[in-house]
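**Q** How does the following fold in three dimensions:
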Amino acid sequence: MRFHALGPSLALITILALATPAVAESAAAPGSAVNSDAQAQEDPGRGDAIIVTARRRQETAQEVPLAISVIRGDSIESTGNFNVVKLQQLAPTLQVYASNPRNTAVNIRGLGVPFGLTSDGFEQGVGIYVDDVYNARVAAATFDFLDVEQVEVLRGPQGSLYGKNTTAGAINITTNQPTFDFEGRAEVTVGNLNFKKAKAAVSGPLSDTIAARIALSSTSRRGTIFNVTSDRYINAQNNIGLRGILLFQPNDNLSITLSGDYNRQNPECCGTVFVRTGLTQRPLARQYEALAAAQSYRVVSRNPFDRLTDIDAPLNAGNIIGGTSLKVKLDAGPGTLTSISAWRFWDWKPENDRDFTGLPIVSASQNPSQQDQYSQEFRYNYAGDRVDFVVGAFGFKQQIDTQGFEQQGAASSRWNLTGALASNPAVLAGLTARNTQFLKSTSAALFGQASWKVTNALTIQPGLRINYDKKSGFYQRVVTTGAGALLTCPQPTGSIGPAQCGVFTPQTSAPSVSDWNFSYDLNANYKVAQDVLAYASYAKSFKTVGINQNGLPLDAAGVPIATAGVVKPESVNHFEVGVKTQFWDRRATFNLTAFRTDIKNYQATVTNGQLGVLRGYLANAGKVRSQGLEADFKIRPSDRFSAYVNGAYTDAKYATFVDAPCPPELAGGTTVGAGQTPSAPGTPGGLSPANCNISGQSLPGVSKWAVSYGAEVNTPLTLLTTDGQLYVGFAGNYRSTFSSNPSPSVYTNINGYALSNYRVGFRSDNFDIYGWVRNVFDVQYFDMLQVASSNVGLIAGQPGDPRTFGATIKFTF
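**A** Residues are numbered from 1 along each chain as shown. Presented below is the predicted three-dimensional model:
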């Protein structure tokens with residue numbers, strides 16, 4: 001179990017609602033669906049201000065020298081982006097990919113975690129925080145937002161203001177807090193695909209000093225893929241959430257907040273469809289088309305957008321996350337002392353089809369996990385006339401237990417073996433690997449940041465962090481044959497044993513490591529004019545040391561390589577310059593940011609080419625570089641119209657990675673020896689390199705160009721004696737082509753696409769009803785593509801949502 005503290009170097013953002021009608025508030029929200037820096041500002045037309053406390057004092061986001069995007073809760077609801085995975089449609093610098101809740105990657109500017117199967121042995125580069133509490137398990141990204149006030153996306157390293165260090169950025173989710181005035185809200189949504197969502201929240205006083213808030217949410221939707229084998233739709237939505245908060249405020253100087261939440265998902269998920277095949281270095285007789293024909297197998301559809309599959313293994317994505325936290329704030333003289341104590345848990349119960357076909361090749365694949373984390377953070381912030389500072393201490397403790405189970409099926413011998421063994425199903429049928437693993441992780445840190453106002457225009461802001469991490473892991477794989485006998489390796493030649501060892505090899509490892517890190521940052525900002533702020537920043541950061549928690553690669557003799565157990569920490573150098581502007585009486589804003597991040601010892605997922613030994617393990621690549629430009633523009637000439645455009649150009653590449661996993665078109669043959677080169681794909685007896693040099697190629701999952709845009713127009717209307725507004729809103733986003741494989745491949749490039757969403761409705765002070773259509777043009781696109789194991793050339797994928805439509809009604813009181 002582990003101690004984890006509150007949110008990281010995040011900008012905590014609160015909405016200070018001034019005296020304005022509720023109609024004006026709701027009128028502005030949909031039009032500012034992505035309130036990036038440009039939107040986080042005073043808005044005379046709206047009559048309120050969004051205030052950030054990133055530097056531990058209240059100021060508008062336009063005055064804060066940070067690259068930050070702020071998305072209001074009502075904008076999230078109106079655009080249908082109900083979790084972090086969907087949030088990337090509103091934030092162009094955010095990339096989120098999920099083959100299932102556990103194997104989810106959340107990146108900013110292309111950086112964060114390696115693309116592929118998740119390992120518990122490394123840290124997230126993008127932190128997810130809910131009410132200042134860090135969520136160590138990235139599966140939190142797949143849960144519905146519950147009673148959310150707003151979401152902030154911070155770009156670049158965070159570490160000198162909050163407890164947990166993150167190298168790529170942070171997502172800070174702020175929920176609505178208890179109030180001493182009674183209030184409530186309810187929302188019901190219905191749509192096609194049997195979509196049903198219900199949400200409710202009630203808040204009010206229990207006494208003069210105690211207030212409470214409780215919120216509920218339930219979502220369900222039929223799956224978007226039909227499985228002809230089970231005769232059911234799969235990849236459904238199934239989410240229930242509950243959050244309760246108690247606030248004790250005996251006086252103006254002290255507040256104590258106790259909160260708890262429970263979130264559960266249990267959909268039949270997550271399956272794939274056939275997308276295509278591509279030639280590899282394997283002989284033609286050992287590639288997908290020939291292997292499928294040899295077993296008289298014909299996939300149900302070769303058009304992925306028929307949304308049909310025939311996968312035969314059971315599917316499940318049982319996912320439970322919850323916890324409690326206690327936050328104490330005490331105003332002490334010129335500063336404020338804050339304590340945040342938290343416990344969180346995660347329970348993961350998956351079932352997967354890892355061969356992506358209707359053949360019984362892999363008959364079962366599952367790695368259920370249970371995680372507990374504990375955290376404690378103390379910090380003190382001081383505000384003076386010329387100098388402000390924040391100092392803090394942080395502790396985090398975590399334990400993860402995993403019980404893996406994978407079993408080969410009756411078709412595995414034909415699919416994976418050659419010669420006479422391929423004709424004997426009993427060689428691999430029932431071959432079973434049971435994995436037992438645990439991780440214990442401890443982290444402690446001291447951090448601080450100061451802000452020195454050199455003049456009324458110039459401010460210098462240095463920060464530093466001292467961090468200690470310790471990780472201890474254990475991994476054991478026990479293999480049994482179909483007859484139930486314990487398998488040991490190596491096996492004598494001439495028997496079926498070597499073939500079995502080539503699929504599942506028993507091993508035991510217990511990597512352990514501890515490490516100290518020192519990081520720092522420096523920001524200088526200058527107020528060129530009243531509404532023009534220029535800034536430049538540098539951060540020297542790190543991503544903590546990691547361990548290989550899913551087993552180790554083997555050497556030529558079949559012995560685990562012990563030195564591969566530890567993965568060196570990443571070393572990060574980050575540079576950023578930006579300008580924030582407001583004009584036209586602050587009815588318009590335009591912000592521009594340029595950045596470059598260089599990472600040495602990038603933690604990447606690689607494979608060693610051994611069938612079944614490992615699906616992947618962690619190793620250090622040479623260098624990675626991400627650089628680009630980001631622009632945010634918003635205009636709101638009146639209460640009747642608002643529009644925004646936010647764009648990002650991101651050039652994220654492997655600067656040096658000379659021994660990377662080969663893409664599928666160069667994999668699957670005999671290892672290339674000295675002076676040899678790979679044959680053309682599909683050449684009998686083809687040679688493939690043990691590793692490939694992908695230096696200079698793009699990082700996975702990153703579009704060079706990404707844009708989000710939207711607008712809303714409204715007009716006064718009286719409906720059945722109720723005064724309100726008729727409104728029409730639009731929100732869209734575009735992404736250019738990106739790779740869906742760690743090593744770029746022509747087989748796994750996802751073409752660029754643009755999605756368009758519309759809504760039209762009527763709202764009053766306490767009532768809102770609207771109809772919506774998402775992906776209105778029914779664009780066919782993929783969320784991600786996956787390369788099937790065994791290097792047979794099969795590419796599977798998960799299509800993005802088709803056109804959906806429905807209606808929503810909301811009440812407030």
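
**Q** Tell me which residue lies nearest the centroid of the chain.
**A** Val106 (2.6 Å; C-alpha atoms, centre = their mean).

**Q** wait, what's in contact with the residue lying closest to it once chain neighbours are set aside?
**A** Using C-beta to C-beta, 6 or more residues apart in numbering and skipping residues adjacent in sequence, the residue nearest Val106 is Val126, 4.7 Å away. Bear in mind the C-beta positions are built from the backbone N, C-alpha and C, glycine included. Listed by C-beta atoms under 8 Å, 6 or more residues apart in numbering, the contact partners of Val126 are 106-108, 112-113, 166, 168-171.

**Q** can you rerun that using 10 Å?
**A** When the contact criterion is C-beta atoms under 10 Å, 6 or more residues apart in numbering, the partners of Val126 are 8, 84, 94-96, 105-109, 111-113, 138, 141, 153-155, 158, 166-171.

**Q** Same question for Gly793.
**A** 276-282, 284, 286-289, 291, 664-665, 667-668, 681-682, 747, 787.

**Q** quick one: low-confidence ranges for the stretch 701-813 of the chain?
**A** Across the stretch 701-813 of the chain, no stretch falls below the confidence threshold (pLDDT under 70).

**Q** Quick check: Trp415 is in a helix.
**A** Yes: the assignment for Trp415, made by DSSP: H, G, I helix; E, B strand; the rest coil, places it in a helix.

**Q** which stretches of the stretch 351-500 of the chain form helices?
**A** 412-416, 419-422, 497-503 (DSSP state H, counting those that start in this stretch).

**Q** same question, the stretch 151-300 of the chain
**A** Taking DSSP H, counting those that start in this stretch to define them, one finds helices in the stretch 151-300 of the chain at 288-294.

**Q** and Asp312, how many neighbours?
**A** Close neighbours of Asp312, defined as other C-beta atoms under 10 Å, add up to 19.

**Q** Thought Leu359 was touching it, still the case?
**A** Yes: with contact taken as C-beta atoms under 10 Å, Asp312 and Leu359 are classed as touching, separated by 7.3 Å.

**Q** Common neighbours of those two, please.
**A** 409, 411.

**Q** which residues in the stretch 651-800 of the chain form strands?
**A** 670-671, 687-688, 705-719, 722-735, 738-739, 749-750, 753-763, 767-774, 782-787, 794-799 (DSSP state E, counting those that start in this stretch).

**Q** picking that back up, per-residue pLDDT of the residue nearest to Val106, please?
**A** At Val126 the predicted local distance difference test score is 91.

**Q** Quickly list what it is bridged to.
**A** Gly169 (DSSP bridges).

**Q** Pull up the gap between it and Asn135, please.
**A** Distance, Val126 to Asn135, by C-beta to C-beta, to the nearest Å: 11 Å.

**Q** Between the two, which contacts overlap?
**A** 141, 171.

**Q** Mind listing what's buried along stretch 402-410?
**A** Of the residues in stretch 402-410, those buried under the neighbour-count criterion (16 or more other C-beta atoms under 10 Å) are 402, 404, 406-410.

**Q** could you measure the residue lying farthest from the centre of the chain against Arg354, distance?
**A** With C-alpha atoms, centre = their mean as the measure, the chain has its most outlying C-alpha, relative to the mean C-alpha position, at Gly494: 47.7 Å. Distance of Gly494 to Arg354, computed by C-beta to C-beta: 30 Å.

**Q** Kindly report the same for Ser341.
**A** Counting by C-beta to C-beta, the separation of Ser341 from Arg354 is 40 Å.

**Q** wait, what's in contact with Leu87?
**A** Contacts were defined as C-beta under 10 Å, 6+ apart; by that measure Leu87 touches 34, 69, 71, 76, 79, 81, 94, 96, 106, 141, 145, 151, 153, 171, 173.

**Q** Same check on Ala139?
**A** With contacts defined as C-beta under 10 Å, 6+ apart, Ala139 is in contact with 98, 100-104, 118, 128, 263, 265, 317, 319-321, 346-348, 369, 371.

**Q** the strands in the stretch 451-600 of the chain, which residues?
**A** Along the stretch 451-600 of the chain, the segments classed as strands by DSSP E, counting those that start in this stretch run 458-480, 507-509, 512-529, 532-543, 546-547, 566-567, 570-583, 588-600.

**Q** Show me the shaky parts of this protein.
**A** 1-58, 116-117, 556, 607-616, 669-690.

**Q** Report the beta-bridge partners for Gln376.
**A** Ser341, Gly395.

**Q** gap between it and Asn100?
**A** For Gln376 relative to Asn100 (C-beta to C-beta), the value is 31 Å.

**Q** For these two, indicate the residue with more neighbours.
**A** Neighbour tally, Gln376 and Asn100, criterion other C-beta under 10 Å: the higher count belongs to Asn100, 24 against 20.

**Q** which SSE is Ile635 in?
**A** Assignment of secondary structure by DSSP states H and E places Ile635 within strand 623-638.

**Q** export the helices of the stretch 351-500 of the chain to TSV and tack on mean neighbour count?
**A** Shown next, in TSV, are these (neighbours: other C-beta atoms under 10 Å):
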stretch	mean neighbour count
helix 412-416	24
helix 419-422	13
helix 497-503	20
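
**Q** With respect to Ser259, which of these lies nearest?
**A** Nearest to Ser259 among the helices of the stretch 351-500 of the chain is helix 497-503 (47.4 Å), distances taken as C-beta to C-beta.

**Q** chain center to the closest one, what's the gap?
**A** Using C-alpha atoms, centre = their mean, to the nearest Å, the mean C-alpha position of helix 497-503 is found 36 Å from that of the whole chain.

**Q** what comes into contact with that helix?
**A** Around helix 497-503, the neighbours that count as contacts under C-beta under 10 Å, 6+ apart are 406, 408, 412-413, 416-419, 421-422, 424, 427-428, 431, 433, 479-482, 487-492, 554, 558, 610-613, 790.

**Q** Mind giving me the ChimeraX select for those, buried ones only?
**A** Under the burial definition 16+ other C-beta under 10 Å, those of the contacts of helix 497-503 that qualify are selected in ChimeraX by:
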select :406,408,412,413,416,417,421,422,427,428,431,433,479,480,481,482,487,489,491,554,558,612,613,790
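
**Q** about what we covered before: how big is the angle separating the helix or strand where the residue nearest to the centre of the chain lies from strand 623-638?
**A** Assignment of secondary structure by DSSP H and E places Val106 within strand 104-108. For the pair strand 104-108 and strand 623-638, the angle between their directions (axes from the mean of the first three to the mean of the last three C-alpha atoms, to 10 degrees) equals 70 degrees.

**Q** could you say what helices and strands strand 104-108 packs with?
**A** On a contact count with 3 or more C-beta pairs under 10 Å, 6 or more residues apart in numbering; DSSP states H and E, strand 104-108 meets helix 84-87, strand 94-98, strand 126-130, strand 148-155, strand 169-175.
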